[in-house]
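[1] Provided below for reference: sequence and predicted model.
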Amino acid sequence: MNHSIKPFLRRTEPYSGESLPSLMARLAQLNYYPRLERLVQLCAGQYSPETLLRPPDVGALNYFASLVQQPSPQLYQHTLYRFAKTLTPLPVRLEQWVLTEQNRVLVLPKGVWVRHTLSEQKAQFCPLCLQQQPYHRLTWATLAITTCLEHHCLLWDCCPHCSEKVSVEDVVRNHCHHCQGRLSEAEMIDLKGDVVGLACQQALQAWLVGQTGSLSIAEAEPRALYWLLVGLQRLILSDETTWRRVKQDTTLSLPKRIKKSDQSPSIRHDWSTMAFKGVQNWPQGLFDLFDTYFFDEKGRRRKTALPVSSWYKQHWQHSALNFLHQAITTYLKKRGGRIVGLLPYAHQGHSQPRCNPSFAVTGQQLALWPKV
């Protein structure tokens, strides 16, 4: 493979948790390239800044590693592929690259990163972090992350002066390329009083790197917990009454659906926090959410089934969901024939609770996950 530029003469080490495009933007400045985009264009014209977050193949990763004089396995840790195991839905086979004979790494299928990550041109940032050291953190490139846990504040995704979207390079340079305003001058949006929201973000950041965090659910893998949260969020947003009651504000209307990458950190934070209530205090949190969905304030049944998902119908018996199967079995036993839509499901190793036959809706209607 022929490339137009050689390894940088002036080099620097990546910061802890830094994204690859952030590192390359800093190196571009050190080596007097006018912009990151120009530097990437010189790479034989076949790459774009987007490929720095998600290198298209092993050759591209190895080439970027040669430019910055870092081993490919180490540079891999600064790409979104570091989160591949958690972000890949349960039914999707985990894809691998072979970096060396002893080193195989996971990568994200395209359909996943399109829906769950941000592009290089739509960067998030914490103004207080930029005051300390202006570089782009890798977790900021995921849609799930909306908060800086160090400063307990909401992330920004636009210039505080002109409201235009900012790029990773803008974050590194600490100024907006539209109006030249300093990003670190953005107002701090304090979340210290948002106990549930901060707990949700702590859990999400732990799950992304394959850790369970402080949330302890027996036998639950981080990957399954992440997708459970995605599914519960979808459940809440499928019904305006449920959304109002979980949000504890009956005067609001359910917001219109918009493309995930266009949702503000505030909206995404609000939605994930509501869904996290169904995971906290397991399994009672899930039971409370189901009660909110199926019954009104007086305990009268108002819903007959959960929304159907083709993914859930096909992969209900995934072994990683055993903890969820057990919780639903317990919920069914508590509710018995009072509920429609949660009925015995065919899963080996689980007893089937008795329910009124007139409520015959299959367990496959437990649609907690969206399509991949």
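    Sure thing, it's come through.
[2] what comes up buried for the helix or strand where residue 22 lies?
    Per DSSP states H and E: residue 22 is located in helix 20-30. Neighbour-count burial for helix 20-30 flags 20-29 (criterion: 16 or more other CB atoms under 10 Å). In short, each C-beta sits where N, CA and C put it, glycine included.
[3] same question, stretch 197-206
    For stretch 197-206, burial by neighbour count (16+ other CB under 10 Å) applies to 197-201, 203-206.
[4] and the end-to-end length of stretch 166-175?
    Start and end residues of stretch 166-175 are separated by 9 Å (CA to CA, to the nearest Å).
[5] contacts for that stretch, please.
    Outside stretch 166-175, the residues that touch it by CB atoms under 8 Å, 6 or more residues apart in numbering are 19, 21-22, 25-26, 28-29, 35-37, 49, 120-123, 125, 130, 134-136, 141, 157-159, 176-177, 181-184.
[6] so of the residues you listed, which ones are in helices?
    21-22, 25-26, 28-29, 36-37, 130 (DSSP state H).
[7] list the contacts of the closest residue to residue 160 other than its chain neighbours.
    Leaving aside its chain neighbours, residue 160 sits nearest to residue 186 (3.7 Å; criterion: CB to CB, 6 or more residues apart in numbering). Going by CB under 8 Å, 6+ apart, residue 186 touches 125, 127, 156, 160.
[8] next one: residue 186 from residue 158, what distance?
    9 Å (CB to CB, to the nearest Å).
[9] run a quick neighbour tally on residue 70.
    Residues near residue 70, counting by other CB atoms under 10 Å, number 19.
[10] that one against residue 14, yeah?
    Yes - checked against CB atoms under 8 Å, the pair residue 70 and residue 14 is within contact range at 7.1 Å.
[11] what's across from the residue nearest to residue 126 when sequence neighbours are not counted in the sheet?
    Sequence neighbours aside, residue 148 is the residue nearest to residue 126 in space, at 3.7 Å (criterion: CB to CB, 6+ apart). Residues in a beta bridge with residue 148, per DSSP bridges, are residue 153.
[12] neighbours around residue 148, how many?
    Residue 148 has 24 nearby residues by other CB under 10 Å.
[13] gap between it and residue 131?
    With the distance defined as CB to CB, residue 148 ends up 12 Å from residue 131.
[14] pLDDT score for the nearest residue to residue 197 once chain neighbours are set aside?
    For residue 197, ignoring the flanking residues on the chain, the nearest one in space by CB to CB, 6+ apart is residue 273 at 4.2 Å. With respect to pLDDT, residue 273 scores 95.
[15] so what does the helix or strand harbouring residue 273 touch, helix or strand wise?
    Assigned by DSSP H and E, residue 273 belongs to helix 265-276. Counting contacts by 3 or more CB pairs under 8 Å, 6 or more residues apart in numbering; DSSP states H and E, helix 265-276 packs against strand 153-154, helix 195-208, helix 222-237, helix 240-247.
[16] hmm, try it at 10 Å
    strand 147-148, strand 153-154, helix 195-208, helix 222-237, helix 240-247, helix 284-294 (3 or more CB pairs under 10 Å, 6 or more residues apart in numbering; DSSP states H and E).
[17] and the ones you listed, which one averages the lowest pLDDT?
    Among those, helix 240-247 scores lowest, with a mean of 85.
[18] and it, what's buried?
    In helix 240-247, the ones that count as buried by 16+ other CB under 10 Å are 242-246.
[19] check stretch 107-115 too.
    With burial defined by 16+ other CB under 10 Å, the residues of stretch 107-115 counted as buried are 107-109, 112-113, 115.
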